[in-house]
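A.B. asks: pasting the structure only:
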Ligand SMILES: NC(=O)c1ccc[n+]([C@@H]2O[C@H](COP(=O)([O-])OP(=O)(O)OC[C@H]3O[C@@H](n4cnc5c(N)ncnc54)[C@H](O)[C@@H]3O)[C@@H](O)[C@H]2O)c1
Ligand SMILES: O=C(O)CC[C@@H](O)C(=O)O
């Protein structure tokens, strides 16, 4: 039996299924793995039993991924699984900030008791006249799963679309419409934009990347949309720009003490991924990542360990070593195996940044002393006997 602890409501109806051989536990210190969403794990007392964490969603700034890597804990996310949901709400924010639809609906509610509302509405409507998205210039910061979809949707709406992403993946470059004009700097992107929408992870080079300098370069009365993370925009600069009329609207998915009091601001409840479809997609992806890791040692979509697969564990034994990406690890591991006269059927070694992963199948079980000796190799964080 394998044990799973869930943190957060993974889906609206609470239904999460791992299938046979798995049980949910209330205490993390009995869990082999954690399935979670947005809870901040910085400062969380992660028990030794936990070998893997899967974040249902894209952003992992709520998880100390490098610290966990050094403890031999693999952290997964679910890239792209909620990106369509975010794309749709971002387009909705563009429309809402341009058409006065919410204000128009509010007028109707406020005048609901007027018996002649039909006639008066015809007169009132000129207060809500907006403009169309077609032909307007939009800048998209970050062209990953969400940004590339937003950019393509904007092309389909007839907008003049610019994109900035110095680290764009080959996969997303292929997915991007040829109509999206890529620029080399953030400043080139911001210049003259009627809409700017940000879709980058929160990390050292993106925190507060949108501030007064970038806002000043936008077209007068531009709209800023942030469905990435609250850290990406300088809230003081946005507030000032809204009050000065430099920005006409700000749409943000992050209710902070500051954003909730800003003028002309749509604030949602971190709701970008809030669809039944996105929740199900994220849960399915995260669960299959955890199961493949727990049952076979395979790693896909990890944010702190390399992708690595040897398929289903079919040999007598499968061992995985999580270790630092330093020279001579394979030499040291095979030296220990040689002492035990172990016959290795297959071995893979992959690295990503500071961390590496070595997995091998043997045609007999290793004895306990050999496993203990593997654990004593300097720079090995964890040894897993998968089978
Ligand atoms: N509001 C929500 O509910 C919600 C849902 C999904 C994602 N998000 C947030 O949006 C972010 C993006 O999501 P995604 O699925 O597109 O992630 P992604 O990893 O697919 O794409 C992120 C893109 O940002 C680019 N990037 C990184 N640093 C950059 C920089 N300095 N300048 C420009 N581009 C840079 C990357 O190259 C990548 O292409 C997530 O990290 C998360 O924080 C929020
Ligand atoms: O869990 C959520 O609802 C939000 C997830 C979202 O912020 C993400 O980064 O994918």
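C.D. replies: Arrived safely. What you are looking at is a predicted structure, and each value in this text was computed from that prediction instead of being measured. Ligands and ions are numbered 1, 2, ... in the order given.

A.B. asks: what's the end-to-end length of stretch 155-164?
C.D. replies: Start-to-end span of stretch 155-164 (C-alpha to C-alpha, to the nearest Å) is 15 Å.

A.B. asks: sorry, that was for stretch 187-201
C.D. replies: 19 Å.

A.B. asks: what are the buried residues along it?
C.D. replies: Of the residues in stretch 187-201, 189, 190, 191, 193, 194, 195, 196, 197, 198, 199, 200, 201 count as buried by neighbour count, 16 or more other C-beta atoms under 10 Å. (C-beta placed from N, C-alpha, C; glycine too.)

A.B. asks: and what of stretch 122-137?
C.D. replies: Within stretch 122-137, the residues that count as buried by 16+ other C-beta under 10 Å are 133, 136, 137.

A.B. asks: who's in contact with the first one?
C.D. replies: By C-beta atoms under 8 Å, 6 or more residues apart in numbering, residue 133 lies in contact with 94, 95, 98, 154, 157, 158, 159, 195.

A.B. asks: from residue 227, how far off is the first one?
C.D. replies: Spatial separation of residue 94 from residue 227 under the definition C-beta to C-beta, to the nearest Å is 11 Å.

A.B. asks: now swap in residue 13 and tell me
C.D. replies: Residue 13 sits 24 Å away from residue 227, taking C-beta to C-beta as the criterion.

A.B. asks: who's more crowded, those two?
C.D. replies: Neighbour count, other C-beta atoms under 10 Å: between residue 13 and residue 227, residue 227 has more, with 25 against 10.

A.B. asks: is the more buried one in contact with residue 147, as I believe?
C.D. replies: No - look at residue 227 against residue 147 with C-beta atoms under 8 Å: they stay out of range, at 10.2 Å.

A.B. asks: overlap in contacts, these two.
C.D. replies: Common contact partners of residue 227 and residue 147 (C-beta under 8 Å, 6+ apart): 197, 199.

A.B. asks: apart from its neighbours in sequence, what residue is nearest the residue in the stretch 251-387 of the chain that ligand 2 sits nearest to?
C.D. replies: Relative to ligand 2, the nearest point of the stretch 251-387 of the chain is residue 273 (4.2 Å; C-beta to the nearest ligand atom). Closest residue to residue 273 apart from its sequence neighbours, by C-beta to C-beta, 6 or more residues apart in numbering: residue 82 at 3.7 Å.

A.B. asks: what about stretch 219-231, average pLDDT?
C.D. replies: In this model, stretch 219-231 has a mean pLDDT of 98.

A.B. asks: check what pLDDT the closest residue to residue 56 other than its chain neighbours gets.
C.D. replies: Leaving aside its sequence neighbours, residue 56 sits nearest to residue 282 (C-beta to C-beta, 6+ apart; 3.8 Å). At residue 282, the model reports a pLDDT of 97.

A.B. asks: the residue of the stretch 251-387 of the chain closest to ligand 2 and residue 209: what is the separation?
C.D. replies: The spacing between residue 273 and residue 209, counted by C-beta to C-beta, is 22 Å.

A.B. asks: now do the same contact list for residue 80.
C.D. replies: Residues near residue 80 by C-beta under 8 Å, 6+ apart: 58, 145.

A.B. asks: and stretch 222-232, how far from the chain's centre?
C.D. replies: On the basis of C-alpha atoms, centre = their mean, to the nearest Å, stretch 222-232 sits 15 Å off its chain's mean C-alpha point.

A.B. asks: out of the contacts of residue 133, who's near ligand 2?
C.D. replies: Filtering the contacts of residue 133 for proximity to ligand 2 by C-beta under 6 Å from any ligand atom leaves nothing.

A.B. asks: just the ones in helices from the residues you listed, please.
C.D. replies: Judged by DSSP state H, the subset of the contacts of residue 133 located in helices is 94, 95, 98, 154.

A.B. asks: considering the residues you listed, which possesses the most neighbours?
C.D. replies: residue 154 (29 neighbours).

A.B. asks: closest one of the contacts of residue 133 to ligand 2?
C.D. replies: Ligand 2 has its nearest neighbour among those in residue 94, at 19.4 Å by C-beta to the nearest ligand atom.

A.B. asks: sorry, back to before: just give me the closest of the buried residues of stretch 187-201 to ligand 1.
C.D. replies: Minimum distance to ligand 1 across those is 3.4 Å, recorded for residue 201 (C-beta to the nearest ligand atom).
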